[in-house]
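**Student:** pasting the structure only:
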């Protein structure tokens, strides 16, 4: 049987997802034949799968275009997001190896679910059709629901999983209803075809209502206000490596889909959705930062921090320009590294059962484990936006893109919120270096796999803070490929 050139192109342009699903299925097939003592091997298989998927991204980058009857679009934009998503999954897998051993829940299906979730996020990044994006969203979400409740003996983890599932199902329903209304108004669900249909006729109330429902559904996934209420409980209850993954990769993939829908399909309706994004950005930043101030649980504090950073990303999103898209992409890359690193430190320090999550437990860490404390400080300072870190340029480019679009008050509010955020980030750093060490808490040695993951996050954070030009140019190239199409 001869394979046509079109079929080869389809396979190459969907190579990352095919590779991730292949390794996920391989793990599920091999899992029953391995004893409990050798389940850790499957983690390495999953890690190899992510590296192979990054190779698939490289292959796809040399064969840009549409795949499977224009349902998938492989362009520089999707390539950039794929690297962020798959890189985050790889680092989360490395951090999970020792964590699952400590918790006594080393299982092959855990790694398979991470791979399936990453495959779903990849489909989100490259979807050129709304129903296809829904399939990617569900692949990612269903895997995430199970991963959040993977600590089966923990009531908090079970509660988080159930809450995430119920509220996520409602968000999915909103998204589906939005797709149906957009189809009713335009006669198509292809993202580029919706753009053509809306440009040829005046906007209708049905299409606007459809966009509003889509905003609700996707707003839940990226954790923006007023759809963020579930996030602190879910992030706190989930296994910490899963929290690290949830806080980074799904946000990047879903923001990518939002950009395609809002900038491409509904670019002509910018005056309509601009104020919804503006108001949501203000609410998201204020709720996230003000709630984080009163937290004494570091994991929960970083959960609220994730909400606040979604608001900063919306500042660049509201700019409605190519530079705004590039700023969003750069911010997502920097945010993934610093947020992954911060949560991976917590995964180690929490110890078995995640019982050591209070700020007091970090007292004196600078003298007990100076390298780990330095890494954690770097990630927190990057989240704060200190110069020479990726977080600084992430905020700088986001705020600059908004200023270029003359959205001054939104930038002023964002700057005030950044100052507020300094309080709770610096409080943790002060506890590590200036508080008396806790006598009943002795951190264990850091596993080599976790050390490597933290090293990648730390080097990446510094690289984006000192030499951001290369990644920013790639982000601009990605934004141009989306807008100029």
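**Tutor:** Right, received. Where do you want to start? Quick caveat: nothing in here was measured; it's all calculated off a predicted structure.
**Student:** which residues sit against stretch 448-464?
**Tutor:** Contact with stretch 448-464 is made by 91, 94-95, 97-98, 330, 333-334, 337-338, 340-341, 344-345, 347-348, 372, 375, 378-379, 382, 388-391, 393-394, 446, 471, as judged by C-beta atoms under 8 Å, 6 or more residues apart in numbering. (Each C-beta comes from the backbone N, C-alpha and C, glycine too.)
**Student:** residue 103 versus residue 118, what's the distance?
**Tutor:** 22 Å (C-beta to C-beta, to the nearest Å).
**Student:** those two - which one has more neighbours?
**Tutor:** With neighbours defined as other C-beta atoms under 10 Å, residue 118 and residue 103 compare such that residue 118 has more, 34 against 20.
**Student:** quick check: that one touching residue 83?
**Tutor:** No. With contact defined as C-beta atoms under 8 Å, residue 118 does not count as touching residue 83 (11.6 Å).
**Student:** could you check how far residue 386 is from residue 57?
**Tutor:** 31 Å.
**Student:** ok, these two, which is more surrounded?
**Tutor:** residue 57 (22 against 16).
**Student:** got a list of what that one touches?
**Tutor:** Neighbours of residue 57 in contact, by C-beta under 8 Å, 6+ apart: 15-16, 79, 82-83, 86.
**Student:** run the last query once more with 10 Å
**Tutor:** Residues near residue 57 by C-beta atoms under 10 Å, 6 or more residues apart in numbering: 15-16, 19, 74, 78-83, 85-87, 122.
**Student:** from these, which land in helices?
**Tutor:** If you go by DSSP state H, these have 15-16, 19, 78-83, 85-87, 122 in helices.
**Student:** format these as a markdown table; extra columns: neighbour count and pLDDT.
**Tutor:** A markdown table is the format used below for the ones in helices among the contacts of residue 57 (neighbours: other C-beta atoms under 10 Å; pLDDT from 0 to 100):
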| residue | neighbour count | pLDDT |
| --- | --- | --- |
| 15 | 24 | 90 |
| 16 | 31 | 93 |
| 19 | 24 | 94 |
| 78 | 30 | 92 |
| 79 | 21 | 94 |
| 80 | 27 | 94 |
| 81 | 28 | 94 |
| 82 | 28 | 94 |
| 83 | 20 | 95 |
| 85 | 34 | 95 |
| 86 | 29 | 95 |
| 87 | 25 | 94 |
| 122 | 35 | 93 |
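**Student:** show me the two of the residues you listed that sit farthest apart.
**Tutor:** 19 and 80 (18.2 Å; C-beta to C-beta).
**Student:** which intervals of the stretch 251-400 of the chain have sub-threshold pLDDT?
**Tutor:** 353 (pLDDT under 70).
**Student:** can you give me the helices for it?
**Tutor:** Along the stretch 251-400 of the chain, counting by DSSP state H, counting those that start in this stretch, helices occupy 270-293, 298-317, 322-349, 365-368, 370-384, 390-404.
**Student:** list the helices and strands the fourth one packs on?
**Tutor:** Okay, so that is helix 365-368. Applying 3 or more C-beta pairs under 10 Å, 6 or more residues apart in numbering; DSSP states H and E, we find helix 365-368 packed against helix 370-384, helix 408-434.
**Student:** turn the ones you listed into TSV, columns for distance to residue 271 and mean neighbour count.
**Tutor:** Rendered in TSV, the data for those read as follows (distance: least, C-beta to C-beta, whole Å; neighbours: other C-beta atoms under 10 Å):
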stretch	distance to residue 271	mean neighbour count
helix 370-384	33	22
helix 408-434	16	17
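**Student:** okay if I get these as CSV plus distance to residue 144?
**Tutor:** Below are the helices and strands packed on helix 365-368 laid out as CSV (distance: least, C-beta to C-beta, whole Å):
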stretch, distance to residue 144
helix 370-384, 22
helix 408-434, 26
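**Student:** out of these, which comes closest to residue 312?
**Tutor:** Nearest of the helices and strands packed on helix 365-368 (C-beta to C-beta): helix 408-434, 6.0 Å.
**Student:** C-terminal to the closest one, what's the next element?
**Tutor:** helix 448-466 (DSSP states H and E).
**Student:** quick one: that next one to helix 322-349, angle?
**Tutor:** Counting by axes from the mean of the first three to the mean of the last three C-alpha atoms, to 10 degrees, helix 448-466 lies at 150 degrees to helix 322-349.
**Student:** pull out the buried positions in whatever helix or strand comes next after helix 448-466.
**Tutor:** The first helix or strand that comes after helix 448-466 along the chain, using DSSP H and E, is helix 469-483. Neighbour-count burial for helix 469-483, counted by 16 or more other C-beta atoms under 10 Å, picks out 471-472, 474-482.
**Student:** show me where the stretch 51-200 of the chain has helices.
**Tutor:** Using DSSP H, counting those that start in this stretch, helices in the stretch 51-200 of the chain cover 76-103, 108-126, 130-148, 155-186, 191-200.
**Student:** sorry, back to before: now the helices of the stretch 251-400 of the chain in JSON lines, with distance to residue 113?
**Tutor:** Below are the helices of the stretch 251-400 of the chain laid out as JSON lines (distance: least, C-beta to C-beta, whole Å):
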{"stretch": "helix 270-293", "distance to residue 113": "28"}
{"stretch": "helix 298-317", "distance to residue 113": "21"}
{"stretch": "helix 322-349", "distance to residue 113": "17"}
{"stretch": "helix 365-368", "distance to residue 113": "32"}
{"stretch": "helix 370-384", "distance to residue 113": "26"}
{"stretch": "helix 390-404", "distance to residue 113": "28"}
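**Student:** residues in contact with residue 11?
**Tutor:** Counted by C-beta under 10 Å, 6+ apart, residue 11 has contacts 3, 18, 56, 59-60, 63, 67-68.
**Student:** any idea of the mean pLDDT for stretch 22-42?
**Tutor:** Averaged across stretch 22-42, the pLDDT comes to 85.
**Student:** what's the span of that stretch from first residue to last?
**Tutor:** 13 Å (C-alpha to C-alpha, to the nearest Å).
**Student:** stretch 402-412 now?
**Tutor:** By C-alpha to C-alpha, one end of stretch 402-412 lies 10 Å from the other end.
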